[in-house]
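> Okay, sequence plus prediction incoming.
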Amino acid sequence: MKLQNDLLLRAARGEKTKRTPVWLMRQAGRILPEYRAVRESVSGFIELAQTPELAAEVTIQPVDLLGVDAAIIFSDILVIPEAMNLPYEMVEKRGPWFPKTVSSAADLSSLKIADGDTDLGYVIEAIKIAKKNLAGRVPLIGFAGAPWTIFAYMVEGSGSKTFSKARALLYNDAAFSHKLLDMITQSTINYLKAQIRAGADLVQIFDSWAGILPPHHYQEYSLRYISAICDAITEVPLTVFAKGAFFARKEMGQLNCATIGLDWNMGVTESRALIGPNKTLQGNLDPAALYGSFDEVRKATRQMLDAFGPERHIANLGHGVYPDIHPDKVKCFIEEVKEYSEKMR
Ligand SMILES: Cc1c2[nH]c(c1CCC(=O)O)Cc1[nH]c(c(CCC(=O)O)c1C)Cc1[nH]c(c(CCC(=O)O)c1C)Cc1[nH]c(c(C)c1CCC(=O)O)C2
């Protein structure tokens with residue numbers, strides 16, 4: 001099916017667009033009352049994510065209700081550990097928790113390399129349904145966590161301020177760390193390829209915990225594996241979003257990918273200079289800017305658009321939208337991107 005709105009893909013490929021495309025990380029869920037209604041009809045997040053019809057429905061909600069230029073499939077980055085034999089639970093108001101973690105050779109040998117179509121069939125099915133029901137209105141984004149971020153959860157067993165167990169493992173057993181990272185990377189490539197076969201038009205890698213590594217560890221334990229994923233995914237444009245990895249922007253400019261996501265601490269001019277002219281940049285409004293008045297939201301949005309300029313930019317926040325942001329502020333951000341970016345051309 002031909003896309004009626006392909007602004008996201010054109011911008012990712014570096015083509016001219018009549019205005020700047022816009023979507024928000026974590027737009028599916030959290031902020032919308034319509035999402036919470038669907039969420040309350042099931043036992044919890046995991047059942048929702050594993051019910052393809054419902055996952056497809058909440059994927060499309062932000063397209064209908066907010067007017068974004070892309071849908072992102074409703075799932076989570078932690079489906080990969082589960083598909084590798086390490087199941088997770090989502091604890092209400094606290095976040096993900098793993099009953100078992102990975103620390104010994106025996107743990108490692110109980111894991112398998114995930115196959116996208118069979119082990120993650122429910123996500124693949126949700127993508128097919130979402131594609132069909134979107135009927136070409138906007139592109140559908142697929143995603144996965146970066147190997148380092150997934151490793152951090154598998155070793156730590158939950159979210160953490162310091163991820164001390166995961167970080168200690170890098171210092172204490174490099175060979176073990178590389179074995180686990182390699183299994184996660186292979187699983188992720190299989191998974192992303194299955195998402196693309198099912199209809200994902202672009203895929204994004206989330207390295208949410210990039211910023212806690214020192215630069216030399218980031219090179220060895222994260223960027224190396226992200227680079228392998230970029231080299232393997234040749235079918236559709238790929239975005240790398242590494243939160244807090246300001247120190248690695250020059251190296252990210254060398255990745256075999258279309259787009260680099262910026263968080264709100266990364267200066268736009270400086271990032272463009274470090275990353276070079278051949279990548280599209282995505283981001284990077286401070287998520288907290290949406291707590292401001294409507295006038296403040298519009299002003300901050302215009303400042304961001306001016307900083308990036310009209311070419312090679314996909315408008316977004318610098319991280320996921322916060323759960324307590326009013327949907328009208330999100331709409332205001334989206335409307336301002338659409339109106340102002342058209343006038344910039
Ligand atoms: C680190 C990370 C996770 N998950 C994700 C990341 C990377 C992005 C980032 O840095 O924010 C990615 C993610 N998680 C979810 C999506 C869906 C699509 C989207 O809207 O972007 C995406 C892209 C749904 C979700 N994932 C989760 C929810 C809330 C669960 C619920 O409905 O109760 C949703 C809608 C739960 C989740 N999942 C995770 C955490 C820490 C939590 C709990 C806190 C939180 O809500 O962010 C792990």
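Right, received. Where do you want to start?
> what's in contact with the helix or strand containing Tyr153?
Tyr153 belongs to helix 147-156 when elements are defined using DSSP states H and E. Identification of contacts with helix 147-156 by CB atoms under 8 Å, 6 or more residues apart in numbering yields 77-78, 80-81, 86, 88, 96, 98, 101-103, 145, 159-160, 163-166, 169, 177, 180-181, 184-185, 188, 206-210, 213, 218, 221-222, 225-226, 229. Any C-beta I mention is one placed from the backbone N, CA and C, and that applies to glycine too.
> How about the contacts made by the residue nearest the centre of the chain?
Nearest residue to the geometric centre of the chain (CA atoms, centre = their mean): Phe206, 4.3 Å. Applying CB under 8 Å, 6+ apart to Phe206 gives the contacts 25, 77, 143-146, 149, 241, 243.
> so for whichever strand or helix holds Phe333, what's the average pLDDT?
Element membership for Phe333, per DSSP H and E: helix 327-343. Averaging pLDDT along helix 327-343 yields 98.
> buried sites along the helix holding Tyr153?
By neighbour count on 16 or more other CB atoms under 10 Å, the buried set for helix 147-156 is 147-156.
> Tell me the one of the residues you listed nearest Lys132?
Ile150 (29.2 Å; CB to CB).
> what about the residue in the stretch 151-300 of the chain that the ligand sits nearest to, how many neighbours?
For the stretch 151-300 of the chain and the ligand, the shortest gap (CB to the nearest ligand atom) falls at Ser208, measuring 3.2 Å. If you count neighbours by other CB atoms under 10 Å, Ser208 ends up with 21.
> residues contacting it?
Counted by CB under 8 Å, 6+ apart, Ser208 has contacts 77, 145-146, 149, 243.
> do that again at 10 Å, thanks
77, 145-146, 148-150, 152-153, 159, 241-244, 319-320 (CB atoms under 10 Å, 6 or more residues apart in numbering).
> Of those residues, which is the nearest to Pro310?
Phe241 (21.6 Å).
> which residues does that closest one contact?
Per CB under 10 Å, 6+ apart, neighbours of Phe241: 25, 143, 146, 204-208, 210, 259-263, 282-284, 316, 318-320.
> phi, psi of it?
phi -120, psi 110 (degrees, to the nearest 10).
> gap between the longest helix seen in the chain and the chain center?
In the chain, assigned by DSSP state H, the helix with the most residues is helix 174-198. Taking CA atoms, centre = their mean, to the nearest Å, one finds helix 174-198 lying 16 Å from the centre of the chain it belongs to.
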